[in-house]
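S.K.: My questions concern the predicted model and sequence given below.
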Amino acid sequence: MSDYVQARSAMLQRQLVDRGIHDQAVLEAMRHVPRHAFVGEAMRALAYDDTALPIEAGQTISQPYIVALTLQAAEIQPNDSVLEIGTGSGYVAAVLARMARRVDSIERVPSLAESARQRLQQLGVSRVEVHTADGTLGWPPGAPFDVIVAAASGPQVPPAWRQQLAIGGRLVMPIGDRAGGQRLYKLTRLDDTRYEEEDLGAVMFVPLIGKQGWAEDGSQPARPAAPKTVPRRGSLAEAIRRAAEPLPDPASSQFGALFDRYADRRVVLLGEASHGTAEFYQARAAITRRLIERHGFTIVAVEADWPDAASIDRYVRQRPAPPPAEPPFQRFPTWMWRNTDVQAFTQWLRAHNDAQPVQRRAGFYGLDMYSLSSSVAAVLGYLDRVDPTAAEVARERYACLTPWQKDPAVYGRTAQTQRHGACEEDVVAQLRDLLRKRLDYAREDGVLFLDAAQNARLVTTAERYYRTLYQSSVQSWNLRDTHMFETLNHVLDAHGPASRAVVWAHNSHVGNAAATEMGQARNELNIGQLCREKFGRAAALIGFGTHHGTVAAAHDWDGPMEVMQVRPAREDSYEYPMHQAGEPRFLLDLRPGIHDALRERLAPPRLERFIGVIYRPQTELQSHYSSASLPDQFDAYAWFDDTRAVTPLAVKKRREGVPDTYPFGV
């Protein structure tokens, strides 16, 4: 026995005291409880090592340091009533019994509960009652509890535990995925509805199984609305909470009103942290409706291909549709624009325009440049109508690209190997001719000319883009964003000097690239940076973020869409203190002169998460995080703590005679 006493004494000094455990009650209790008595004979030689050890029923006894950290955070007092979830071997219950007045310990596995009872009785441990039950439901007969501690990780704090915690009580439990990404949290109940939250660090526990935890099959129950948590005093999260302006649901008429402060800008750029999150689309739609209805904005410019967006524009402005052609929004990722939230917005925009004179109707425009084939067809179709002779010349020039239109990336590879001459001279000449005749063509129909001219520009840029794609990722990125910026300017110019636009694009395009790793380390630029340089403070850059939920994405390019779980944000990211602030939705105004103290705290670069149409949770740090300075990147940041995936529309051919479903054709 003397060997175990010495080992236990060494454990206290090396594993606990030397690592910051200072609560004398915890240290004394663990000094007197023989951990070796709670493991099997084969494990006793390892009983005082700082490691978790296996016990019966596939469970474990936690490592000593984590036990001490949990109990120290719980601030247990001699007169406290304690609820322990996950009796296991009974070791922690025995330690708690030396510190508290009473301990109720719940174990869901009957054999473990019985062996723990026998072991505690043999060791003469009193003041502990072991119950066989679903621990996620707590123990109502013993409530309220001054302390609740858990030895299993759940997806969130079970509502039953919150209800059974006394005012002023402390709850310590691990939260996170079943297989990883777990954090140890402490919640202190402040009153009937508010809780203070503190993160104690990364841990790894067995899953919390039960009605308010994980199911046996690994699924998660529907998440209830959690009571409001309050971040630790003095933390960055508390500073964020103090500056945060709570946002109502995007369906509320008051949502858009909170963004009126940006209504005097020439351009309002609205981001998104992923291409597949419903709340981002709904929020952008609500803000855009407000800017159109109340503030005279008439341009909605989005990160979509020009010809596809033109189909929506014809629908919302009731312009005649062109002859039957390839249906819009057919290329990967179809769900990015073919979803129920975009459909609802376009239906609203058409109804709004119905009540407006033609010159005041709001249009819908695509900024992107991947639609090489559709754009060539649009230019030729326009010239066929207004200038058949010019159409023949254009066909000759575009013939260079004809073999590659369905897969323009092949053109890029071929141009690199010099097995096929580049088409740059022909497509630039065609654009030059079209623009030279702009006055004559615009007299026929200014709107149709803008469409044709922009398609010609797109072909020219796309040819360069695919030719440079295999030379430099930086060059191709900059070419694409410069094209989107120039397209925005062409649309603004076409609508006159008083025109104003709302832009929908990813955070990576909207936020000022000069304040990010992409600009500082890779010399990449984006629409946000170019708008800031041209329009100054007449451009508002608004980013969006989330902590967890689901997202529509694919694992690989051209892969099938899946609804994936978004991992909780990393602790070294901007998203993490946003989550800790405890508000489900809020707006953070980052303009200078508003919350300068917070801006200063947020200015040092942190990681920021970017999920596009591809999401790879297994390599999230390498694939989806990049360094940025948030207050230099955005004028405002809209936060949605828990988000869900967009609902895609089926990809079908357009059906004639069904105008209510045009342009989506479903």
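M.R.: Great, that's in hand. Residues are numbered from 1 along each chain as shown.
S.K.: Show me what the helix or strand where Leu96 lies is packed against.
M.R.: Here Leu96 is covered by helix 91-97, with elements defined by DSSP states H and E. Helix 91-97 sits against helix 24-32, helix 64-74, strand 81-85, strand 102-107, helix 110-122, strand 128-132, with contacts defined as 3 or more Cβ pairs under 8 Å, 6 or more residues apart in numbering; DSSP states H and E. All C-beta atoms are positioned from the backbone trio N, CA, C, and that covers glycine.
S.K.: gap between that helix and the chain center?
M.R.: Put simply, helix 91-97 sits 41 Å off its chain's centre (Cα atoms, centre = their mean, to the nearest Å).
S.K.: need the next SSE after whichever strand or helix holds His483, C-terminal direction.
M.R.: Secondary-structure assignment from DSSP H and E places His483 in helix 473-495. Following helix 473-495 in sequence order, the next helix or strand is strand 501-504 (DSSP H and E).
S.K.: and Ser111, how many neighbours does it have?
M.R.: 11 (other Cβ atoms under 10 Å).
S.K.: wait, what's in contact with it?
M.R.: Residues near Ser111 by Cβ atoms under 8 Å, 6 or more residues apart in numbering: Glu56, Ala57.
S.K.: And the closest residue to Leu184 other than its chain neighbours, what's its pLDDT?
M.R.: The shortest distance from Leu184 to any residue other than its chain neighbours is 4.1 Å, reached at Leu200 (Cβ to Cβ, 6 or more residues apart in numbering). Per-residue confidence (pLDDT) for Leu200: 87.
S.K.: do Gly665 as well
M.R.: Taking Gly665 on its own, its pLDDT is 39.
S.K.: where do the helices sit along the stretch 201-350 of the chain?
M.R.: 236-243, 278-295, 306-316, 340-354 (DSSP state H, counting those that start in this stretch).
S.K.: Who are the packing partners of the shortest one?
M.R.: Helices and strands in packing contact with helix 236-243 are listed as strand 228-231, helix 575-580, strand 585-589, helix 596-602; criterion 3+ Cβ pairs under 8 Å, 6+ apart.
S.K.: What separation is there between the spatially closest residue to Ala538 that is not a sequence neighbour and Val551?
M.R.: By the measure of Cβ to Cβ, 6+ apart, the closest residue to Ala538 outside its immediate chain neighbours is Arg266, 4.2 Å from it. Separation of Arg266 from Val551 (Cβ to Cβ, to the nearest Å): 32 Å.
S.K.: ok, now Ala29?
M.R.: Counting by Cβ to Cβ - Ala29 and Val551 are separated by 45 Å.
S.K.: Run through who's touching stretch 329-343.
M.R.: So stretch 329-343 is in contact with 275-276, 278, 281-282, 285, 302, 304-305, 308, 311, 370-371, 552, 554, 557-558, 561, 613, 646-649, 651, 664, going by Cβ under 8 Å, 6+ apart.
S.K.: buried ones in it?
M.R.: Using 16 or more other Cβ atoms under 10 Å as the test for burial, stretch 329-343 gives Phe329, Pro333, Thr334, Trp335, Met336, Trp337, Arg338, Asn339, Thr340, Asp341, Val342, Gln343.
S.K.: Tell me where the model's unsure across the chain.
M.R.: For the chain, residues meeting the criterion pLDDT under 70 lie at 1-2, 179-181, 218-229, 321-326, 369-383, 386, 390, 393-473, 476, 651-666.
S.K.: How far away from the center of its chain is stretch 98-109?
M.R.: 39 Å.
S.K.: and what of stretch 14-33?
M.R.: 40 Å.
S.K.: Just say helix, strand or coil for Ala184.
M.R.: Let me fix one detail, which is that residue 184 is Leu and not Ala. Under DSSP: H, G, I helix; E, B strand; the rest coil, Leu184 falls in the strand class.
S.K.: so who does it touch?
M.R.: Ile66, Leu69, Thr70, Ala73, Val172, Met173, Pro174, Asp199, Leu200, Gly201, Ala202, Val203.
S.K.: wait, what's in contact with the fifth one?
M.R.: What that stands for is Val172. Thr70, Ala73, Ala74, Val147, Ile148, Val149, Ala150, Leu184, Tyr185, Lys186, Leu187, Leu200.
S.K.: Now do the contacts for the closest residue to Met518 other than its chain neighbours.
M.R.: Spatially, and ignoring its direct neighbours in sequence, Met518 is nearest to Glu524 (4.3 Å; Cβ to Cβ, 6+ apart). Glu524 sits next to Val474, Trp477, Asn478, Asp481, Ala513, Met518 when contact means Cβ under 8 Å, 6+ apart.
S.K.: Please repeat the previous calculation with a cut-off of 10 Å.
M.R.: Counting by Cβ atoms under 10 Å, 6 or more residues apart in numbering, Glu524 touches Ser473, Val474, Gln475, Trp477, Asn478, Asp481, Ser508, Ala513, Ala514, Thr516, Glu517, Met518.
S.K.: Val95 now?
M.R.: Val95 neighbours (Cβ under 10 Å, 6+ apart): 25-26, 28-33, 35, 64, 67-68, 71, 76, 84, 103, 125.
S.K.: one more time with 7 Å, if that's ok
M.R.: Ala29, Met30, Val33, Val67, Leu71 (Cβ atoms under 7 Å, 6 or more residues apart in numbering).
S.K.: Please name the nearest non-neighbouring residue to Arg14.
M.R.: Asp50 (7.9 Å).
S.K.: thinking again about what came up before, now for the helices of the stretch 201-350 of the chain, which one comes closest to Gln118?
M.R.: Closest to Gln118 of these is helix 236-243 (Cβ to Cβ; 45.0 Å).
S.K.: Tell me which residues of the closest one come out buried.
M.R.: Leu236, Ala237, Glu238, Ala239, Ile240, Arg241, Ala243.
S.K.: got it, and stretch 299-312?
M.R.: Residues of stretch 299-312 classed as buried: 299-312 (neighbour count, 16+ other Cβ under 10 Å).
S.K.: Could you tell me the end-to-end distance of that stretch?
M.R.: One end of stretch 299-312 sits 13 Å from the other (Cα to Cα, to the nearest Å).
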